[in-house]
Each structure stands twice: as C-alpha cells, then as structure tokens.
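A.B. asks: Quick check, what structure comes out for this input:
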Amino acid sequence: MLNFIYWPISAVLWFWHKIFAYPFGADSAVAWILAIMFLTFTLRLLLFKPMVNQMRSTVKMQKFAPQMQAIREKYKNDQQKMMEETRKLQKEMGVNPLAGCLPVLAQFPVFIGLFHVLRSFNRTGSDVGLTVEQNRLTPNYIFSAEDVQSFLDSNLFGVPLSAYISMPSEMFAAFPNAEGLTRGTIIAVAAPLIIMIVLGTHFNARLSVERQEARRASGKQQAPASEQAAMQMNMMNRMMLWVMPATILFTGFIWHIGLLFYMVANNLWTFFQNRYIFSKLDREEEAEEAAIKEAKRATAPKPGVKPNNPKKRGKRG
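C.D. replies: Residues are numbered from 1 along each chain as shown. Alright, predicted model coming up:
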C-alpha cells in the first residue's frame, strides 16, 4: 500500500549500510546504527532549505502581526474578505504559510516507512507467520536475504536492533541469541534511549520557547494581540514542551531499537540546526536594521542645514 515510501527508505538505508559495512563489517551493529542515523541526516539535509525559509517566514509574519490584527478587526464580520486581505498581505510580504508545513509533514512518512522496514526484518510470530528459516531467506524490499540475516544477527549489548519492548516472545526465535534474550535485556537497552529522546525533545522545544520569550521581551516580536491568541500560543508551547515528550515516553515500548536511534539522530540534528538557523536569522535581522538606520542617516538633513521641502519651494515660486 505504501510501497512508494518503503522502497526509497529501504534504498537509502541500504546505501548507508554498504558505506559503513566497509570499516565496521556488514553484521556490525555500529554499521547498522550509523546507517539509520545517516538516513535521518539525509532527510534533514534535504529539508534544510525549506526549514530556513519556514523560519524566515515566521519572523516576517511576526513583524506584520499588527497589520494582520487590524485586518481581523476590520473584517471580523466578513470572513471571506478577511481571508482575501490576509492572503493579499501575505503575498506582499512574500510569505507562504503552507510552505512552513513541509519540513514537519515530510518527516512523518519517513518515520512510518522506517518503522515498517525495520519491523519487516522479523516477520515471524502471529502477524505474518513466517518460520525462522523462511524469514532469514526472505528479502525485505531492497534488502537481500543476506542483508536480512545481517540485520537479524547484529545486536547492541546482546539486544537485536529490530527488537522492541513489547515484542511477542515467540518472535525472539528469529535472532541467533534467542536463548539469552529476555524482555529485561531489551528494556535495559531501550529505556535509556527513550529517556534520551524524551529529554532531547523537551530541551529542543524549550530552546524555541525561550527564544520567543526573549524576542518579545526585547520588542523584536509582538506579544499576542488578544487573550485568545495568548491562550492558543501557550497551549502550543505546552504541547511542544510536555505533550510531545510524554507521547514519546508512553509509546516508546513499540519502537524498535533501530528506530530509537533514528529519533536520537533527529534530536541531535534539530539542536545544531536550530542554533545555526537562529544565529543566521539574528544576523540577517541585525543587517536589515543597520541598513534602515543607515538609510535614515543618509536622508536626514545635516546639522545647521534647513530641510529641503520641494512643496514649499514650489509654492514660493
């Protein structure tokens, strides 16, 4: 059904695994973990420019927030006219609100695709019902049967990368170390990763929220124009700070070890990317403010010189 997602995801993962298999070995957990992390970096690199544009548009929208509020007040009884004037203003300012959704929305299919591809390495148990032998001889999208065996044989501290906390015990047989594998050992590896992801997600959200608050305090960003807008903003901030990390915490038991490394890599990229983009936007804003001040200084009358008013000169003539 979603093969148009699964095949490209498996192809990128396959490519990076071949790269890292040279120094670390095909069956090495390090090679597979790095392949998963670099799959993440590949996606985020492709989305880097749209993300910069989205953040730049957000700054622009904050600057013309008073005009937006004026439009809402003026056309509060005419929704169609309000939408027309809002789109007109956004076009004049060079802002496309829908473009800002792309970097976020594009990550969902990748997450779903990687989740499915990693789970498909082990198709024993009740869902598909392959025997251990059949599973090891069945390709997984672009991965050959040999690649499937390589992934199943790789493990981190004795825990296979396709294992997850809630995995049915009958699926343990697919792994070569099945006798020594227990739910406790899976939890011992998965739990620290889940906690790292939860803390990383919260920390990245806090950086964004604190930046908003600092910009409002310095006057660079308008405060919410109404009580309702303030409530909506606070609700969004609370969701970023608490709801999303809590969701990860309470759903982490169904995530494969490999998928947890995808999220770790995602958090790392987000942290460094946001620091870079925030710094870049601040420099652009400072340069713009300096250019405006310089333009005002250039057009201002020099000390002791009367302002040149063409209209008054025309009347005297």
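A.B. asks: in stretch 262-278, what counts as buried?
C.D. replies: The neighbour-count check on stretch 262-278 (16 or more other CB atoms under 10 Å) flags 262-270, 273-274, 277 as buried. Just so you know, the C-beta spots here come from the backbone N, C-alpha and C atoms, and that holds for glycine as well.
A.B. asks: what does stretch 162-176 contact?
C.D. replies: Contacts with stretch 162-176, where a contact means CB atoms under 8 Å, 6 or more residues apart in numbering, come from 118-119, 121-122, 124-126, 132, 135-136, 151-153, 155, 160, 178, 181, 183, 186-187, 190, 252-259.
A.B. asks: Check the gap between the most centrally placed residue in the chain and R211 for me.
C.D. replies: For the chain, V104 is the residue whose C-alpha lies nearest the centre (CA atoms, centre = their mean; 5.5 Å). Distance from V104 to R211, counting by CB to CB, to the nearest Å: 18 Å.
A.B. asks: Please apply the same query to A295.
C.D. replies: Note on A295: its distance to R211, by CB to CB, is 28 Å.
A.B. asks: more crowded one of the two?
C.D. replies: R211 (15 against 10; other CB atoms under 10 Å).
A.B. asks: circling back to that earlier point, so where does the residue nearest to the centre of the chain fall, helix or strand?
C.D. replies: According to DSSP states H and E, V104 maps onto helix 102-105.
A.B. asks: Next, the buried residues of that helix.
C.D. replies: Of all the residues in helix 102-105, those buried under the rule 16+ other CB under 10 Å are P103.
A.B. asks: Buried ones in the helix or strand containing L89, by neighbour count?
C.D. replies: For L89, the host element (DSSP H and E) is helix 79-93. Within helix 79-93, the residues that qualify as buried by neighbour count (16+ other CB under 10 Å) are 82, 85-86, 89-90.
A.B. asks: Likewise for stretch 4-23?
C.D. replies: By neighbour count on 16+ other CB under 10 Å, the buried set for stretch 4-23 is 5-6, 9-10, 12-14, 16-17, 20-21.
A.B. asks: Make a markdown table from the residues you listed and add pLDDT and secondary structure to it.
C.D. replies: Formatted as a markdown table, the buried residues of stretch 4-23 follow (pLDDT from 0 to 100; DSSP: H, G, I helix; E, B strand; the rest coil):
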| residue | pLDDT | secondary structure |
| --- | --- | --- |
| I5 | 91 | helix |
| Y6 | 93 | helix |
| I9 | 94 | helix |
| S10 | 95 | helix |
| V12 | 96 | helix |
| L13 | 96 | helix |
| W14 | 97 | helix |
| W16 | 97 | helix |
| H17 | 97 | helix |
| F20 | 97 | helix |
| A21 | 95 | helix |
